[in-house]
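**Student:** got a predicted structure here, sequence first:
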Amino acid sequence: MDYQNVIEEWRQIAEDFFAARGDLFEKVVSLSVEKLKAGHKILIFGNGGSAAQAQHFAAELVNKFLKERAPIRAISLTTDTSSLTSIANDISYDYVFSRQIEALGDKEDVVLGLSTSGNSPNVMEAMKIAKERGLLTVAFTGKGGGKLSSLVDYLLDVSSESTPRVQEVHLLLLHLLAEEIEKRLE
């Protein structure tokens with residue numbers, strides 16, 4: 001395998017993201033900090049690898065990212081297996097996140113939905129409910145944002161259709177977001 005080609009592809013995608021969406025990313029960082037300072041929280045979710053990234057990001061905020069500090073209010077909606085499985089079984093998998101937003105989300109909270117394709121029905125349904133309830137909606141997606149692009153306040157789409165590359169850049173963005181939140185909440 002030619003690792004150098006993968007590294008170069010990843011670097012180019014990350015650079016392209018910041019050239020195209022750097023100002024928008026900064027806006028999301030600033031709004032997230034503003035909402036957290038006002039006592040609101042971040043709700044984050046996704047499927048598969050994106051679910052793992054959601055859990056990772058929430059843990060970075062609740063515990064710490066780079067330094068010891070007070071916990072930051074963040075919840076990954078991918079971790080409560082009883083809620084996830086009961087909603088999926090009794091209603092539909094399409095509602096596993098939206099039902100939790102109805103229960104846990106408050107007006108002005110920040111909702112981060114991760115979907116490589118931008119077309120995950122359960123992420124789309126969650127964004128619809130979040131917007132109806134006055135939460136700030138942000139989607140991390142691959143190129144173009146899929147159907148999520150029209151459902152969110154802020155679309156942070158990575159200019160690639162390669163699932164591994166999109167997820168790698170999402171992790172970078174989540175780490176940068178965590179780092180900036182941690183710095184700016186001091």
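**Tutor:** Arrived safely.

**Student:** C-alpha only now, for contacts and for neighbours.
**Tutor:** Will do.

**Student:** sec struct for the residue nearest the centre of the chain, please.
**Tutor:** For the chain, residue 112 is the residue whose C-alpha lies nearest the centre (Cα atoms, centre = their mean; 3.4 Å). Here residue 112 is recorded as strand under DSSP: H, G, I helix; E, B strand; the rest coil.

**Student:** tell me which other helices or strands the helix or strand residue 8 falls within touches.
**Tutor:** Per DSSP states H and E: residue 8 is located in helix 3-37. In terms of contacts (3 or more Cα pairs under 8 Å, 6 or more residues apart in numbering; DSSP states H and E), helix 3-37 is packed against strand 154-157, helix 163-184.

**Student:** and with 7 Å instead?
**Tutor:** For helix 3-37, the elements it packs on are helix 163-184, judged by 3 or more Cα pairs under 7 Å, 6 or more residues apart in numbering; DSSP states H and E.

**Student:** can you pull out the low-pLDDT segments for this protein?
**Tutor:** 1 (pLDDT under 70).

**Student:** picking up where we left off before, buried residues, the helix holding residue 8. List them.
**Tutor:** 10, 13-14, 17, 21, 25, 28-30, 32-33, 35-36 (16 or more other Cα atoms under 10 Å).

**Student:** and the angle from that helix to helix 163-184?
**Tutor:** Put simply, helix 3-37 runs at 40 degrees to helix 163-184, going by axes from the mean of the first three to the mean of the last three Cα atoms, to 10 degrees.

**Student:** ok, the residue nearest to the centre of the chain touching residue 46?
**Tutor:** No - using Cα atoms under 7 Å, residue 112 is not in contact with residue 46; the gap is 8.7 Å.

**Student:** rewinding a little: okay if I get the buried residues of helix 3-37 as a markdown table plus distance to residue 71?
**Tutor:** Output for the buried residues of helix 3-37, formatted as a markdown table (distance: Cα to Cα, whole Å):
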| residue | distance to residue 71 |
| --- | --- |
| 10 | 32 |
| 13 | 32 |
| 14 | 29 |
| 17 | 30 |
| 21 | 29 |
| 25 | 23 |
| 28 | 20 |
| 29 | 18 |
| 30 | 18 |
| 32 | 15 |
| 33 | 14 |
| 35 | 15 |
| 36 | 11 |
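
**Student:** please identify which of those is nearest to residue 158.
**Tutor:** Distance to residue 158 across those (Cα to Cα) is lowest for residue 17, with 5.8 Å.

**Student:** distance check, the closest one against residue 124.
**Tutor:** Counting by Cα to Cα, to the nearest Å, the gap from residue 17 to residue 124 is 22 Å.

**Student:** give the full set of residues in contact with the nearest residue to residue 17 once chain neighbours are set aside.
**Tutor:** Counting by Cα to Cα, 6 or more residues apart in numbering, residue 17 lies nearest to residue 158, which is 5.8 Å off, once chain neighbours are set aside. Going by Cα atoms under 7 Å, 6 or more residues apart in numbering, residue 158 touches 17, 141-143, 166.
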